[in-house]
Structure formats: structure tokens, C-alpha cells
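*Asks:* Fold the following and give me the result.
(chains A and B)
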Number of protein chains: 2
Amino acid sequence: MPIIVHKYGGTSMANIERIMNNANRIAKDIQKGYQVAVAVSAMSGETNRLLSLADEIDPFGSGRERDMLASAGEQVSIALMAMALHKIGVGSVSFTANQAGIKTDSFHTRAKILSIDDSRLRAVLDNGKVPVIAGFQGITDAMEVTTMGRGASDTTAAAVAAALDAERCDIYTDVDGVYAADPRIVPRAKKLSRISYDEMLEMAGAGSKVLQTRSVVFAKKYKVPLQVLTSFDDLPGTMISEEVEGMEEVLVTGICSDKTEARLTLFGIPDQPGIAAQVFEALNDDGISVDMIVQSVGHDAHANMSYTVNKTDLGDAIKATERVSKTLSAKETGVDEKVAKVSVVGVGMKSSGGVAARMFRTLADKGINIYMISTSEIKISVVIDEDYTELAVRTLAKEFGLEEEG
Amino acid sequence: MPIIVHKYGGTSMANIERIMNNANRIAKDIQKGYQVAVAVSAMSGETNRLLSLADEIDPFGSGRERDMLASAGEQVSIALMAMALHKIGVGSVSFTANQAGIKTDSFHTRAKILSIDDSRLRAVLDNGKVPVIAGFQGITDAMEVTTMGRGASDTTAAAVAAALDAERCDIYTDVDGVYAADPRIVPRAKKLSRISYDEMLEMAGAGSKVLQTRSVVFAKKYKVPLQVLTSFDDLPGTMISEEVEGMEEVLVTGICSDKTEARLTLFGIPDQPGIAAQVFEALNDDGISVDMIVQSVGHDAHANMSYTVNKTDLGDAIKATERVSKTLSAKETGVDEKVAKVSVVGVGMKSSGGVAARMFRTLADKGINIYMISTSEIKISVVIDEDYTELAVRTLAKEFGLEEEG
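*Replies:* Model prediction:
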């Protein structure tokens, strides 16, 4: 029998009524002839409640103990979800990460899945029952409890789907799919019926918060289609899958904006090989990851180099930049926090040129200045003044036809 | 170095302030030269909160899933307790039952400890750190999570103390010790500085709620002294230990009352061997446990038999009694829910007679009628009309000198 994995996020687990609702949804897929495995998040607000208790003691306390604490939230959810299934006559067994054999590395609070031992899960499925697996958490070889970062229940679901060779992984969340642009900015933004793994990865990197990026990486690697849909309605969601025919006919699939980054600039550094490496080694040594990088040639064999980092790392990034500035005898350093990154994403760009030109022209027509540009095969990102973010997104959505007609 | 086990109950874990307070207490014992291991309960109210979520779905749901759910409460506590110790510079590692190797049988919601693998706990202690162990929960050989009944964190603590060959197990609770009588009934009841394991077991069986009975059984078996004391103050508590010299000089150590039982009577059953067995096999087959039993010879070779059962089992017990009544052609059956058991306990009774006579005389002087009597080597229990419970306890406390002077 084909297997589907359902994943229910916090808002879908908010109370018993919603949990019973999920149980009925699972029963429906079983009636359709599927075997169903379930991954769940903690009840909405629970992870925050637990971590704020920890913060009362020490906001910078042991990662091991924070994981021990936070993982209790999912343990509550799996038990309640299994009980809800029993209540409507569906056999079910809950699984902690330990019981499901979800092995991770030992980097507490940001562990990565190494392997899943699917034998117990399969035994339960073969017995006609629904395994309900704790999302977010893992277990190390030394039996230490780990967690994998906020939103990681998506990754658990995708990894379980991969391990069970599932036909599909349905991610039930509080939005009913992936939109071509943020509906808070573009009210009539189209809901996408399909998007490719690569587009979704670019969207996630460009500021879309629908899914944890790693869940898409897993799904792509193991070719498991992910569906994003809501548990509050019966609407079809957005299918994230490999590229299918016709996808490239759409030039731009989505537009994202991201205000979480700041821009740093080194002015007047020597224009010679190895300089960029020196700068980014320094940042990397301090554990700072850099997103966009642009180097522009100035004059007198000097260049300017701009890069963006997450605002949470800004303090450290400024220190590292000043250190490197001294070493390279830079003329000046600059920091700009009031910037936003706006990106257009689409596999159609691979076969059709001209998107960049249209994007820059559209922004120019609105008088929006572009500070940085970065491109991938299927994405173009620009950094602009933060104040123009919404205007840029709305104008580009219209330009590339990402609004519903009528 | 000698080891002490601390156990903190729900009220001692009510909030971060109290948890920090416990950490300081642990640090003090370390400064005194002890190695300390800690067992904790869920934060006060948490187990009830979790189980009421379960009850919203199904109050009679799967024991396995109720255990999965409820055990999350202790997981939160161990993490917070370990963080609190870190905060004051005391190394600490939290342990789920799985990590501590607390193996139980697989009777969910009422599992019993089979063994504790002390190797990881000892390694942490030898490393100069404090292991903080989840009370109440266990793990089966099949990696199933179990719980051991309400109040079972006491048992975890005693079992850990036994496994670690601890010098003492300090049970921090919301009362500051064991009293000779319930202070709500006898306001000036003496606090006991010492009580023997056997006396404590009889007190627990007779209605004292201070400790889970099984914790005392463990402590007695492995000869670990238990101390009951409060974490809200610095007063010495009550030491529960083997009998020491002088204990027998006190005739009566404590008085308890218990209103949780009901009395059933079979009137006019044949007065012949094997009848009692028939009655109690019938009750046992239905999973009903009987506390006191009294058989009295009537006339015409007929007898009456009375027994007490917990009121929660009364419905089932009535059914079983009526079935057996038919088989034995009993003349009548009787049910009395308005009864109380009042018991006096003391190792002094072993060497001195006359306690029973004094007890019965004291009750008779107040016009209190005795329905049933049952005795052990160190306990005398009587069943009386529920309305007279407090009067009986107060009068007996005075008679046997269990109030503070002055």
C-alpha cells in the first residue's frame, strides 16, 4: 500500500478539537487506501512557554538541557494525537525520536538527522496502525536528546517520508499553500499549485517562511513530493516536486522579500586576487555566514566590497570587518541596516533571458535604487532601501503576472 | 564520598524561584562533602494539566499513551533543575528514565521498577556532577515509556538511593515531616523525629499520604534511611529507618484515619471451612483488593462476614458480593459507605500489651461503636461510623500522648 506522511504544525495542534480534526483527516486518507504516518510539532505556544522558563534561569544555558526541555513539547503532542486516533477507532502508536530511531549528530539545538531506523515504524504500519512521530527532536548514539532548530518538524516529516519511501508528505500548516508573493504585501497574489524543489529552496533562502529549508533539501534528495496545505479547510495546497513539463513556461514563479539582513561595505581595498578570500575567512572564523557578496572595481587599483549578513550577527560581523579593514588598509567601512533583499524566483529563467533586465527596469521606473545584485540560475536578488520593499514587491508581482485575474 | 539523594516534589518545583532554591540546597550538601543525586517530580499542577488534556479525548484511553503524555512533565523538571544548578556553578546532567536505565515492567500507569543501571549515574557523580533524574517514569526492555502511579517519584528516589548505595534519601515535600496524627485533626500533633520502616508502612496503609508506600518498601529492602522534610524551611524532618533502640519505649507512634473504604457484609453464610476463600477468590477474580476482613460466628451454624474495599471499587465489589451471596445462599448482603478506619501504629506494641484494650475503652467512653477490628504486630485498626472519625482520632491522640506538651 502507498504511504503518505502527514505533518501537523503547532496551530494544527492548538487544542483537542483541532487534534481530533487531524485524526479525522488521517482516517480519510486511510479510507482512500493509504498507509499514513504522522509527524507532529508541539502544541502552539508550548515551545515558547518551555523556553521562556529556561530563559528565566539562564537565556544562554546548556544546549543539552534546552533540548531536553523543549523536546517534552512534542512528546505531549504525539501522545494526544495517538489518543485522538484511538478515539475514532484508528490504531496508533506514538514514537519519541528515541523510539523511532531518528539518529542525529550531537550539535544541540541545531542537530542534523544522520539516519532513521524505519523498522519499528514499518512494523506498526504493517500492523495496520498509524505511527505518530515526535517532530523537531532526535537522539544521538549516546542516547542524548537533541533538537533540530525551530520549524524542524517539517524536516522530521520529510525525513520520515524519505525513510518510508512515501508517495507524498503533506505538511499541514496555518497557510493554505505557497503564494507567488506574500499576501500581506500583494493581497491578490496567486496561490501556486506546483513549485519545484529548487524554486522552493530559493524562495526559502530569499525570505519565504513557509517551510524549513532542510525539509525541502531532504524531499529533493529522496524525491518525495511535499504538499503544503492547511488543516483548517479542505482546499488543495501547493505541491513541491521535481520540475515537471510546463513549469518553465512560467518566467517568474514567485517573489520574496527579506528584511533580516544588513549590508557591510569595505571601501578602497586592494584590487588583487585573494582579497575576497581573506575577508570571508575572517567572517567565517567568527561563525558568521554571509549571504550576498558584491565586489566592484573602484579606481587606483582599489575596489569596494559589500556583503550582507543576518542582523542577529551584525555586532560580530562589524568587529570582524573592522579587523579585516585594518589588515587590508581599507579606506573606510560602512554599515547599512536599513536594507531589504527582494528576489524573483523561477525555473523559467533557465531557458528565457530578459528577466533581470525587466526587473531592473521595473524598479528604476519607480525610482528605486539598487545597491547590490546577485543571481543564480533560477533567482535574481537585489538589495534596496528597506522603505521601498513593499512597493518593489507589488510592482514586480504586477509586472510578472503573479496576481489573480479579475 | 558518601552519596545523598534529594527528591523534590511538585510544590518544590512550582516555579523557577523554588527550583533555584533547591539548587542552593543541593550546593550546600556538596559543600558538606556529599555527592548528591536528585530525583524530581513534574512542576505542581503539570501532571493534572496533561492528564486533563487526555481526559478531554478519552478518560479511559490507552495507558501507553497516557504514560507517554504524563512523563513529559518530569522531563521538563529535570532540564530546569539541571539548568538551575549550572546557573550557580554546579555541574549537572539531566536523565530521563531511559537514560538512567530505570527499567520497569510493562504495566502502564502502574509499572514497577525491575532494575536500575547505575553506570551512567555513577560516571556523572565521579565526574563531580549532579545527576538529575526524572521521577515517576520508567522504560521497558522494548523502550516503552511507563509511569509508576501518582507519587511514584518518591519511589524513583528511593530506588536510585538503593542503586547508588546512598547514605540517605531526603524527600523534600510540602509538609515538614511525619506527624503522629493529621495536624488538620489534631492541631498540636507531635512531629516525629524518627519512625521505623514498618511503622511508616502501616501508617501509609492506614491512610497517611506522606509518602508513596512503595518508596518505603524499597528503602526498607535496601536499608536506605529516608528523611521527609520541607524545602520551604530549614527545619529537620522525620527520619524513616530501621528500628533503633528506644523506639519500642513509645507505645503508640502514630494514629491515622482513612475514609476511602466502604464495608460490605454477607449475613448468614454457612459456617464451614473454605467459605472465606470462596468469597475472596470471587473478589480477586474481579481485580478488587480487600483490606480488612472479619468473620463472626452467628447461630444455627451460620456466620457473618464483613470486609472493606476501596470506594472506587465499590460498584464492582457489590456485584461480586451479590454473585457470591447467591452461590452461598447468604441470607442478606449489606453495604455501608459511611465508615472510617482508624488505626494506631507503634513498634512498642510488640513488647507491651494492653494497647488494644486502652483503644477500645477510650472509644467506648465516647460512645463510639466499633464495627470491625483488625490487628497486626504493630497496628490496631478499627472501623467506625464516619461521623466519629475526628473525635476518635483526637481522643486517641490525647490518650496515647501524641500531642505536644504545653
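*Asks:* Show me where chain A has its helices.
*Replies:* In chain A, the helices defined using DSSP state H lie at A:16-31, A:46-57, A:63-87, A:97-100, A:119-126, A:153-163, A:197-205, A:213-221, A:275-285, A:314-327, A:355-365, A:389-399.
*Asks:* Could you list the residues in contact with stretch A:17-29?
*Replies:* Outside of stretch A:17-29, the residues within contact range by Cβ atoms under 8 Å, 6 or more residues apart in numbering or on different chains are A:4, A:6, A:8, A:11-13, A:36, A:38, A:80-81, A:84-85, A:87-88, A:90, A:130, A:172, A:231, B:57. Heads up, the C-betas are built off the backbone N, CA and C, glycines and all.
*Asks:* Pull out the buried positions in it.
*Replies:* For stretch A:17-29, a neighbour-count test (16 or more other Cβ atoms under 10 Å in any protein chain shown) marks A:18-23, A:25-27, A:29 as buried.
*Asks:* Which strand residues bridge the residue lying closest to A:Ile318 once chain neighbours are set aside?
*Replies:* Closest residue to A:Ile318 apart from its sequence neighbours, by Cβ to Cβ, 6 or more residues apart in numbering or on different chains: A:Val335 at 6.2 Å. Under DSSP bridges, the beta-bridge partners of A:Val335 are A:Leu264.
*Asks:* Filter the contacts of stretch A:17-29 down to the buried ones, ChimeraX style.
*Replies:* Written as a ChimeraX command, the selection of buried residues from the contacts of stretch A:17-29, which uses 16+ other Cβ under 10 Å, is:
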select /A:4,6,8,11,12,13,36,38,80,81,84,85,87,90,130,172,231 /B:57
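*Asks:* Up against chain B, what does chain A have?
*Replies:* A:16, A:19-20, A:50, A:53-54, A:56-58, A:61-62, A:64-66, A:68-69, A:71-73, A:75-76, A:78-80, A:82-84, A:86-87, A:93-94, A:96, A:98-99, A:143-145 (Cβ under 8 Å from any Cβ of the partner chain).
*Asks:* Would you mind finding the most buried of the helices of chain A?
*Replies:* helix A:153-163 (a mean of 28; mean count of other Cβ atoms under 10 Å in any protein chain shown).
*Asks:* got the contact list for that helix?
*Replies:* Contacts of helix A:153-163 (Cβ under 8 Å, 6+ apart): A:3, A:5-7, A:9, A:37, A:39-41, A:74, A:97, A:100, A:102, A:113, A:116, A:118, A:121, A:133-137, A:148, A:166, A:168-169, A:171, A:211-212, A:214-216, A:218-219, A:221-222, A:224, A:226.
*Asks:* mind redoing it with 6 Å?
*Replies:* A:5, A:7, A:37, A:39, A:41, A:113, A:116, A:118, A:133, A:135-136, A:169, A:171, A:211-212, A:214-215, A:218-219, A:222, A:224 (Cβ atoms under 6 Å, 6 or more residues apart in numbering or on different chains).
*Asks:* OK, now which residue of the stretch 201-350 of chain A is nearest to chain B?
*Replies:* Closest to chain B within the stretch 201-350 of chain A is A:Ser231: 17.0 Å, counting by Cβ to the nearest Cβ.
*Asks:* What does that residue show for phi and psi?
*Replies:* A:Ser231 adopts backbone torsions of phi -90, psi 0, taken as degrees, to the nearest 10.
*Asks:* For it, give me its contacts.
*Replies:* A:12, A:172.
*Asks:* Got phi/psi on the most far-flung residue of chain A relative to its centre?
*Replies:* No residue in chain A sits farther from the centre than A:Asp300, which is 42.9 Å out by Cα atoms, centre = their mean. Reported as degrees, to the nearest 10, the phi and psi values for A:Asp300 are phi 50, psi 40.
*Asks:* Report pLDDT for it.
*Replies:* With respect to pLDDT, A:Asp300 scores 75.
*Asks:* and it, how far is that from A:Ala277?
*Replies:* According to Cβ to Cβ, to the nearest Å, A:Asp300 and A:Ala277 sit 22 Å apart.
*Asks:* In chain A, where is pLDDT below threshold?
*Replies:* A:298 (pLDDT under 70).
*Asks:* which non-adjacent residue is nearest A:Ser71?
*Replies:* Per Cβ to Cβ, 6+ apart, closest to A:Ser71 is A:Gln137, 4.1 Å.
*Asks:* A:Asp154 too?
*Replies:* A:Ser215 (3.7 Å).
*Asks:* For the stretch 101-250 of chain A, which residue gets nearest to chain B?
*Replies:* Going by Cβ to the nearest Cβ, chain B is nearest to A:Met143 of the stretch 101-250 of chain A, at 5.5 Å.
*Asks:* contacting residues around that residue?
*Replies:* Per Cβ under 6 Å, 6+ apart, neighbours of A:Met143: B:Gln99.
*Asks:* Help me confirm that A:Glu65 comes into contact with B:Met83.
*Replies:* Yes. The pair A:Glu65 and B:Met83 passes the contact test of Cβ atoms under 6 Å, sitting 5.0 Å apart.
*Asks:* can you pull the contacts of the residue nearest to A:Asp154?
*Replies:* A:154-155, A:158.
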